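Colleague: can you look at this prediction? I've put the sequence above it.
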Amino acid sequence: MGYYQASFYSLLGLCAVLLASQPTRRAEPKKLAESRKQVTRDDKHPEASWYQVYALAMGADWLQGPYLYSLYRDEHGLSERQVSSLFTTGFLSGAVGAYFIGALADRHGRKAVCMAFCLLYAMSCFFTIIPVVPLLYLGRILGGISTSILFTVFDSWMVTNFRERKLVENGCDLSRTYATTSIVNNLTAIVSGVVSEWLVTATGTKKAPFWLGAGLLCWALQLISANWVENYGTDPSEPSDAPKTSSVRSTLKQPSILALGLASTMFEGSMYLFVFFWAPTMKSAQRSAGELPYGYIFSSFMASSMAAALTFNIVMQKRPFKYSRLLIGILLAANFCFVKLAGPKTEDATFWLFCLFEACVGMYWPCIGYLKGRLVQDNARAEVYGILRIPLNIFVVVSLFLAGDSSRFTQVFGACSVLLTTSFIAVWVASLKSNMP
């Protein structure tokens, strides 16, 4: 067994231990009498439908990721410049659509927009496998819009649903929900990577993961339609306008929200750049002979992220410190990773620095999700979340344009460390001036 394979299985073992140590829902006093009753098959977790749909939606996304670039270059025969233009189109469409999508979801229903996501992303999968340039661009536009929905409207529906159904009375906890969602995402990523590899090998075409992704989205659409209850940011029967607009503006002016917006832009932007540059960085640091086992390396990253999310669930059950303090620690740890990656490093050090950064990612998602869930009002949640993603998409597009090619990863990582330092200072100052949880 090779070094990277052994590392991956060791990280999986750590995940198994942490999974066995996870906290469970607390039984409320009024439920104690009912606990003696025989449990039926219908007595399932109150958030089961959320986790099921989220796993399917993220599975469709993860299936495409490893083969999108290769499909464009190897099967469609596009030039490097055309591929770069397609990726840029996806990020730009996500930036342009983010604001309008959030406002639309708050006004006309988040469940409806999540169902639209399933249709739009399935269409994106379909257009991506057709080697006609205009249709490929249309696929990227739909993909960018769909990604904005996935990372704003789904989250908004979940938080509002949690509060409207008063799930805390069923022993649920919003912090634990976010951590479990992150765990589901990481498990889905690992499984999707294995499945997509098998599909390509079995079918001989990189189009196969996109077909399966479209199938998962159709399944998710059916589950949303059958199991989700609609929720809104405003009453759809009322005329829209001033009150809500004022609420959005007042929310975005809060120092804590501005700090979280800066932190999410810099951290998530660095995460997207990591996705583009980790492979050439590992290649440049390689000292062993032969091809690197990229599949095992990527799976190790996902296992590191999952282990961190599982740790978050255990540690934050007791609330030993504020979530804003934890976010500061995450930003500092990520900054340390990029400082080290920007300098001379061995192959082993590069691998474990990437694993540490992925551990930061695993803790970041539930932490930032909980903070936004507490600080943003339900009546404008999707719109505010959408607006906060606009600078992120612009940041990634500008960074990729300035980077030029994958050989400049040291400069990119150095810039990321500077930007993460800025976001750390912003969150720290905001936590001092406002009552951040």
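Modeller: Thanks, I have the structure now.

Colleague: any regions of this structure where pLDDT drops low?
Modeller: 1, 25-43, 234-246, 403-407 (pLDDT under 70).

Colleague: now the helices: where do they sit in the stretch 101-250 of the chain?
Modeller: 110-128, 133-150, 153-164, 174-203, 208-227, 242-253 (DSSP state H, counting those that start in this stretch).

Colleague: Ser300 is nearest to which of those helices?
Modeller: helix 174-203 (9.9 Å; Cβ to Cβ). From N, CA and C alone the C-beta is placed, and that goes for glycine too.

Colleague: that closest one: which residues count as buried?
Modeller: Across helix 174-203, burial judged by 16 or more other Cβ atoms under 10 Å covers 174-190, 192-193, 195-196, 199-200.

Colleague: among the helices of the stretch 101-250 of the chain, which is nearest Cys367?
Modeller: Short answer: helix 174-203, nearest of the helices of the stretch 101-250 of the chain by Cβ to Cβ, at 7.9 Å.

Colleague: which other helices and strands does that closest one contact?
Modeller: helix 48-70, helix 153-164, helix 208-227, helix 294-315, helix 347-375 (3 or more Cβ pairs under 8 Å, 6 or more residues apart in numbering; DSSP states H and E).

Colleague: make CSV out of those helices and add distance to Phe413.
Modeller: Listed next are the helices and strands packed on helix 174-203 as CSV, based on distance: least, Cβ to Cβ, whole Å:
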stretch, distance to Phe413
helix 48-70, 20
helix 153-164, 28
helix 208-227, 29
helix 294-315, 16
helix 347-375, 10
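
Colleague: so which of the ones you listed is nearest Leu273?
Modeller: helix 347-375 (11.0 Å).

Colleague: buried residues in that closest one?
Modeller: Result for helix 347-375 [16+ other Cβ under 10 Å]: buried residues 347, 350-373, 375.

Colleague: for it, packing partners?
Modeller: helix 3-20, helix 153-164, helix 174-203, helix 255-285, helix 294-315, helix 323-341.

Colleague: export these to a markdown table and tack on distance to Leu420?
Modeller: As requested, the helices and strands packed on helix 347-375 are exported to a markdown table (distance: least, Cβ to Cβ, whole Å):
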| stretch | distance to Leu420 |
| --- | --- |
| helix 3-20 | 24 |
| helix 153-164 | 23 |
| helix 174-203 | 20 |
| helix 255-285 | 6 |
| helix 294-315 | 17 |
| helix 323-341 | 4 |
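
Colleague: those helices: which one's closest to Val398?
Modeller: Here helix 255-285 is closest among the helices and strands packed on helix 347-375 (Cβ to Cβ), at 9.4 Å.

Colleague: and that closest one, what's buried?
Modeller: Those would be 256-257, 259-274, 276-278, 281-282, 285, for helix 255-285 by 16+ other Cβ under 10 Å.

Colleague: who are the packing partners of that helix?
Modeller: helix 242-253, helix 294-315, helix 323-341, helix 347-375, helix 381-403, helix 409-433.

Colleague: try 6 Å this time
Modeller: With contacts taken as 3 or more Cβ pairs under 6 Å, 6 or more residues apart in numbering; DSSP states H and E, helix 255-285 sits against helix 347-375, helix 381-403, helix 409-433.

Colleague: dump these to JSON lines, plus distance to Gly109.
Modeller: Listed next are the helices and strands packed on helix 255-285 as JSON lines, based on distance: least, Cβ to Cβ, whole Å:
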{"stretch": "helix 347-375", "distance to Gly109": "19"}
{"stretch": "helix 381-403", "distance to Gly109": "10"}
{"stretch": "helix 409-433", "distance to Gly109": "32"}
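
Colleague: quick one: which of these is nearest Leu92?
Modeller: helix 381-403 (6.1 Å).

Colleague: list the buried residues of the closest one.
Modeller: 381-397, 399-400, 403.

Colleague: what's the answer for stretch 416-431, then?
Modeller: 416-417, 419-421, 423-424, 426-428, 430-431.

Colleague: kindly report the same for stretch 216-223.
Modeller: Neighbour-count burial for stretch 216-223, counted by 16+ other Cβ under 10 Å, picks out 216-217, 219-221, 223.
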